[in-house]
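Novice: Need a 3D model of the sequence below.
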Amino acid sequence: MGNTAPEFKTHLPAQLIVRAGERIVLKCEVNPTEITATVKKNDHELKLVHGKHILKQEVTLLSLEILNAEEGDEGKYTLVVTNNKGSDSCSIMVIVELKPWRAIPESQDEMLNFLRNYEICEKVPELRFLLHGPVGAGKSSIINTIKSIFENRPYHLSLASAASGKSFTLEYHKFPIGSELSGQVPFAFYDVMGLEEGKSHGMHTDDIISALKGHIPEDYEFQPHAMTKEDKRYISDPTLRDMIHCLVSVLPADKVTIMSNSVIDKMKTVRAAASALGMPQMVFMTKVDEACPMIKNNLSKVYQSKKIKEKMHECSNRLGVPMNCIFPMKNYHEETVLSESVNLLMLEALKQIVIAANDYVEKSSK
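Specialist: Below is the predicted model of the structure:
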């Protein structure tokens, strides 16, 4: 073996994005030449497969080739070199860009025209949507983002929560979409306090269920205990106009894996109540840019990301919602200029909940 410990003279880049079917080539220079080379993937030794992996050393050049990149090849790769004097390593995150499994609408104007001209069931003046989920998931930011799109400027009416762990939403407010200036559309969102761990913390699930059924009046201030029928503000005989027409569960893509079972169970309780009403339910999966480096740089590739697909499956499995009812998205939170890629994902999600809510109203009014 060599007289000195091995050392990488050149290093791999931090990240490499390749398309499915392409060849992955990882190269770097190492000294001295008398070394033993191994490869780790996601911190576990990679078993080299004939016809798939090629690990070779040509004098001081060490390389790993992975043929025909596929979904399972995504991960963190570490080249490790050792001799009797010591060892060295260098790592790279390989991201495999998959073939799109879902299409993103091509025209923002076409989507806006569809929504602005959509004729809802005449039995209600507006379609009503309730957002619920954990603190910090982005419920208020969803409202701000939708209003920004329709106003064609950054909008900050609904106060969004920072990373404080406490909800900014303390009252049951209605947020209509559009305005006299930009044109009113018959859609309204309702935001509620964020869900937290523990029975006495955050939004009470009974209040959310009462809101779904139309018992909670606007501007009601949430209490540690649930609203009861004895409360003089309680709407005892709600009509279809008072009810929510679609339940939207909001989960952050970057936190869905570590979310507590307690919060998930609360969301399932609300979903069960919505199911008993026959109410449509969708999931808005926010913060996709924080969950995948590729998406952070190019949001239009959201449906080509293995990581985002995995997060969608997690949402589906944890909440029991079909994949085609889950919509990944990014909210506006630091931008001062609107982005078409952000708008298109949100508009597609909005289109789907509008259609589902209108179907529910038409069915319920018969």
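Novice: Mind jotting down where the helices sit in this structure?
Specialist: Here the chain has its helices, by DSSP state H, at 108-116, 139-151, 205-213, 261-276, 288-291, 293-297, 306-319, 340-364.
Novice: what is the orientation angle of the fourth one with helix 205-213?
Specialist: Between the direction of helix 261-276 and that of helix 205-213, the angle (axes from the mean of the first three to the mean of the last three C-alpha atoms, to 10 degrees) works out to 30 degrees.
Novice: buried sites along helix 261-276?
Specialist: By 16 or more other C-beta atoms under 10 Å, the buried positions in helix 261-276 come out as Val263, Ile264, Lys266, Met267, Lys268, Val270, Arg271, Ala273, Ala274. From N, CA and C alone the C-beta is placed, and that goes for glycine too.
Novice: what distance separates it from the centre of its chain?
Specialist: Offset of helix 261-276 from its chain centre (C-alpha atoms, centre = their mean, to the nearest Å): 19 Å.
Novice: Equivalent analysis for the first one, please.
Specialist: Mean C-alpha position of helix 108-116 versus that of the full chain (C-alpha atoms, centre = their mean) differs by 23 Å.
Novice: Now the residue most central in space within the chain. Nearest residue, chain neighbours left out?
Specialist: Of all residues in the chain, the one closest to the mean position by C-alpha atoms, centre = their mean is Met285, 2.7 Å from it. The shortest distance from Met285 to any non-neighbouring residue, by C-beta to C-beta, 6 or more residues apart in numbering, is to Pro328 (4.7 Å).
Novice: who's in contact with that neighbour?
Specialist: By C-beta atoms under 8 Å, 6 or more residues apart in numbering, the contact set of Pro328 is Ala253, Met285, Val288, Val302, Ile308, Lys311, Met312, Leu345.
Novice: if you set the cut-off to 6 Å instead, what comes out?
Specialist: Shown in contact with Pro328 (C-beta atoms under 6 Å, 6 or more residues apart in numbering): Met285, Val288, Val302, Ile308.
Novice: Quick check: it vs His53, distance?
Specialist: Going from Pro328 to His53 by C-beta to C-beta, to the nearest Å gives 32 Å.
Novice: now the lengthiest strand in the chain and helix 306-319, what's the angle there?
Specialist: What stands out as the longest strand in the chain, according to DSSP state E, is strand 86-97. Calculated by the same axes, to 10 degrees, strand 86-97 forms an angle of 80 degrees with helix 306-319.
Novice: Dump strand 86-97 to CSV, restricted to CA.
Specialist: Provided in CSV are the C-alpha atoms of strand 86-97 (Å, rounded to 0.1, in the frame of the first residue of the first chain):
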residue,chain,number,x,y,z
GLY,A,86,-6.0,6.1,6.3
SER,A,87,-9.0,6.9,4.2
ASP,A,88,-10.9,9.7,2.4
SER,A,89,-14.3,10.2,0.9
CYS,A,90,-16.4,12.5,-1.3
SER,A,91,-20.1,12.5,-1.9
ILE,A,92,-22.7,13.6,-4.4
MET,A,93,-26.5,13.7,-4.4
VAL,A,94,-27.8,12.2,-7.7
ILE,A,95,-31.3,13.2,-8.7
VAL,A,96,-33.1,11.2,-11.4
GLU,A,97,-35.5,13.3,-13.5
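Novice: in the sheet, who's paired with the residue nearest to the centre of the chain?
Specialist: Leu251, Pro328 (DSSP bridges).
Novice: Give me the below-cutoff pLDDT ranges for the stretch 51-200 of the chain.
Specialist: Applying pLDDT under 70 to the stretch 51-200 of the chain flags residues 157-169, 199-200.
Novice: same thing but 80
Specialist: 156-170, 198-200 (pLDDT under 80).
Novice: Tell me which residues touch Asp43, please.
Specialist: By C-beta under 6 Å, 6+ apart, Asp43 has no neighbours at all.
Novice: mind redoing it with 8 Å?
Specialist: Residues counted as contacts of Asp43 (C-beta under 8 Å, 6+ apart) are Lys76, Thr78.
Novice: and if you look at Ile54?
Specialist: With contact taken as C-beta under 8 Å, 6+ apart, Ile54 is in contact with Ser63, Leu64, Glu65, Leu67.
Novice: Who wins on neighbours among those?
Specialist: Neighbour counts for the contacts of Ile54, by other C-beta atoms under 10 Å, peak at Leu64, which reaches 21 neighbours.
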